[in-house]
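Engineer: Here is a sequence with its predicted model. Questions after.
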Amino acid sequence: MSDAPILELAGVTKRFGGLTAVSNVTFTVPVGELLGIIGPNGAGKTTLFNVISGYYRPESGRIVFAGQDVMGMAPHTICRLGLTRTFQLVKPFGSLSVLDNVMIGALTRLPTVSAARLEAERVVETCGLASQAGSHARTLPIGLRKRLEVARALATRPRLLLLDEVMSGLNPTELAGMIELIRRLHGEGLTLIVIEHIMAAMMRLARRIVVLHHGEAIAEGTPAAITQDRRVVDAYLGEEFVLAQA
Amino acid sequence: MLGLLRARRGAVILFGLAAVVPLAVRDAYFLDSLVLILLWGALSAAWNVAGGYAGQVSIGHASFFGIGAYSAALMVTRFGRGPWLGMLVGVVLSIGAGFIIGFLSNRLKGPYFALSTIAFSQVLLIGVSRWRGFTSGAEGIPVPFRPGFLTLGLGHVGWVYMALAMALICFAVEVYLERSRVGYQLAGVREDEDAAEALGIPTRRLKVVAVTLSAALTSVCGSLWAQYIGFVDPTYVFSVDLSVRFALNTIIGGMGTALGPFLGSILITSLETYLRATFSGVKAGFTGIYLIIYGTALILVVRFVPEGLAGIAARLRVRRAHA
């Protein structure tokens, strides 16, 4: 494994009119890391994902994925390079079956439908969706839709997977299952960036966390260090969180 | 192969009947209806490629139909060459026009796209109507009948097989889109473009390909139609009515299903031919009645079987499997 980071962001800035949604964000992600990104609503977390995955073109900065400058590339090109993202507001192919959803992801790497179907069956199994494989995606409850979102992205065989709030809206059992799945993927060597609101989940998953506030990365460090950081407490966690942790 | 035929039982029966019937029935009126059912079915299937499979609902497909019809007619009347060459020219022109429309689909979504396709067909309508020196303008062009395969001067039976061949080509394209890699990717584009793009699918390129393919098939049908009917005029071949007809046959039959457009065509075309015959002449006031049928059929389908006639068949199959 080389020491070169798989993803490098340098001074990335994205503006919408007068609003700076992502402001001068810089960080690198080494191969094999599970990086967490937290921050209050409107902090620019999803915008950052949209910028990295090619949906928005930033005004300035540099985004290098696996040694290649990906700025200005179309999202599908970036995905083919090995960087896949999920959507916070899940976007299932509603009238297709769960298996077909995942198979469409697998077709990005595989030339034939039959090979992609086999791959999809495997991924569906891994993600615990096997018993729903034949159901229409739109009939799934939200917990399973989030899983489908992950499964479909996994089928594209990413080297870096961006998960946008795949744990929010889940009940405790589903949440535990999702944490277990993410851990397993990470254990198998997948590099991940995870956006999440649920601090407790984040503390259990990430070794390193970047905190966004008003589009700026105001802190970066281990979960323990983050919770002690004055700016993070003021901006996001609040005094009560710190007291509860103590 | 056998498995495919079994899975497509409905199609085998329908197209098989269409192939056998002309051997037994020689009634001109009946054969004429059959040709029209097959041609309108093929046209609706061609529309389905863009509207049903790729989710790009066009209400301007008469553009391509008209381009095909005029190319064939003009090649015969102005240049004294065969209609097949005209058909080829029509396909080339339609690919160009389809490319433009496909490009528009990357800029405009849903209703805005649909409106732009109407505008496109209206531009062609006005252009062809005004260019009197070349196209004879609004008067239209009678296409001379010269017997023979190369001149597409066929008898009724010959036309049934010609229309059947075209229907089978369009049907085969649809089946391919249901089973192939690109077909699944197009389904992704139709269901959610952003998600498809995130999964590595070149959504913009695929949409252009689908619309262009649909345009080319529509154009070929248009050329055949011009030779069959023997007359083209701009107000008909570029009309919104016609574009709506392709869309409605497919919606009523079942969008994104291979057999749907043909089922829709059987229902609508046969009703229309029957009612036109029944209410013409003495009761000439009823000539527009097929429009009322369209409206009624559409309302009934959207209310009771939003997935179309093909959906009814699927439901019955499920019920039988459970019984």
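Structural biologist: Now that the structure is in, tell me what you want to look at.

Engineer: can you give me the helices for chain A?
Structural biologist: A:45-52, A:75-81, A:98-106, A:113-126, A:142-154, A:172-187, A:199-205, A:223-228, A:230-232, A:239-245 (DSSP state H).

Engineer: can you pull the buried residues of stretch B:167-180?
Structural biologist: B:167-171, B:173-175, B:177 (16 or more other CB atoms under 10 Å in any protein chain shown). Bear in mind the C-beta positions are built from the backbone N, C-alpha and C, glycine included.

Engineer: From chain A, how far out is B:Val208?
Structural biologist: 14 Å (CB to the nearest CB, to the nearest Å).

Engineer: Determine the number of other residues adjacent to A:Asn207.
Structural biologist: One thing to correct before we go on: residue A:207 is Arg, not Asn. A:Arg207 has 12 neighbouring residues, counting by other CB atoms under 10 Å in any protein chain shown.

Engineer: I'd guessed it sits against A:Glu220; true?
Structural biologist: No - assessed by CB atoms under 8 Å, A:Arg207 is found out of contact with A:Glu220, at 11.7 Å.

Engineer: Export stretch A:162-179 to CSV, keeping only CA atoms.
Structural biologist: Once non-C-alpha atoms are left out, stretch A:162-179 reads as follows in CSV (Å, rounded to 0.1, in the frame of the first residue of the first chain):
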residue,chain,number,x,y,z
LEU,A,162,-18.8,8.7,0.2
LEU,A,163,-21.7,8.0,2.5
ASP,A,164,-24.1,10.9,3.0
GLU,A,165,-26.1,10.4,6.2
VAL,A,166,-26.9,6.7,5.6
MET,A,167,-27.6,6.3,9.3
SER,A,168,-30.1,9.1,9.9
GLY,A,169,-33.7,8.1,10.2
LEU,A,170,-32.9,4.6,11.2
ASN,A,171,-34.3,2.8,14.3
PRO,A,172,-31.8,1.5,16.8
THR,A,173,-31.7,-2.0,15.4
GLU,A,174,-31.3,-0.7,11.8
LEU,A,175,-28.6,1.7,13.1
ALA,A,176,-26.6,-1.0,14.7
GLY,A,177,-26.9,-3.1,11.5
MET,A,178,-25.7,-0.1,9.4
ILE,A,179,-22.7,0.5,11.7
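
Engineer: Check whether it comes near chain B.
Structural biologist: No - Stretch A:162-179 does not reach chain B (CB under 8 Å from any CB of the partner chain); its nearest approach is 9.5 Å.

Engineer: remind me which residues of chain A are low pLDDT?
Structural biologist: A:1-3, A:239-240, A:242-243, A:245-246 (pLDDT under 70).

Engineer: if you compare the helices of chain A, which one is most tucked away?
Structural biologist: helix A:98-106 (a mean of 27; mean count of other CB atoms under 10 Å in any protein chain shown).

Engineer: Identify the residues contacting that one?
Structural biologist: When contacts are defined by CB atoms under 8 Å, 6 or more residues apart in numbering or on different chains, helix A:98-106 is touched by residues A:92-93, A:96, A:113, A:115-117, A:119-121, A:123-124, A:129, A:132-137, A:140, A:148, A:151-156, B:184-185, B:187-188, B:196, B:199-201.

Engineer: Distance check, the most centrally placed residue in chain A against chain B.
Structural biologist: Central residue of chain A (CA atoms, centre = their mean): A:Leu163, 1.8 Å from the mean position. Separation of A:Leu163 from chain B (CB to the nearest CB): 12 Å.

Engineer: Apart from its chain neighbours, what residue comes closest to that residue?
Structural biologist: A:Val194 (4.8 Å; CB to CB, 6 or more residues apart in numbering or on different chains).

Engineer: Quick check, the one you found in contact with A:Leu35.
Structural biologist: Yes - using CB under 8 Å, A:Val194 makes contact with A:Leu35 at a distance of 7.1 Å.

Engineer: could you list every residue that touches the closest residue to A:Pro30 other than its chain neighbours?
Structural biologist: Nearest residue to A:Pro30 in three dimensions, chain neighbours excluded: A:Pro5, at 5.1 Å (CB to CB, 6+ apart). Neighbouring residues of A:Pro5 by CB under 8 Å, 6+ apart: A:28-31.

Engineer: Perfect, that will be all.
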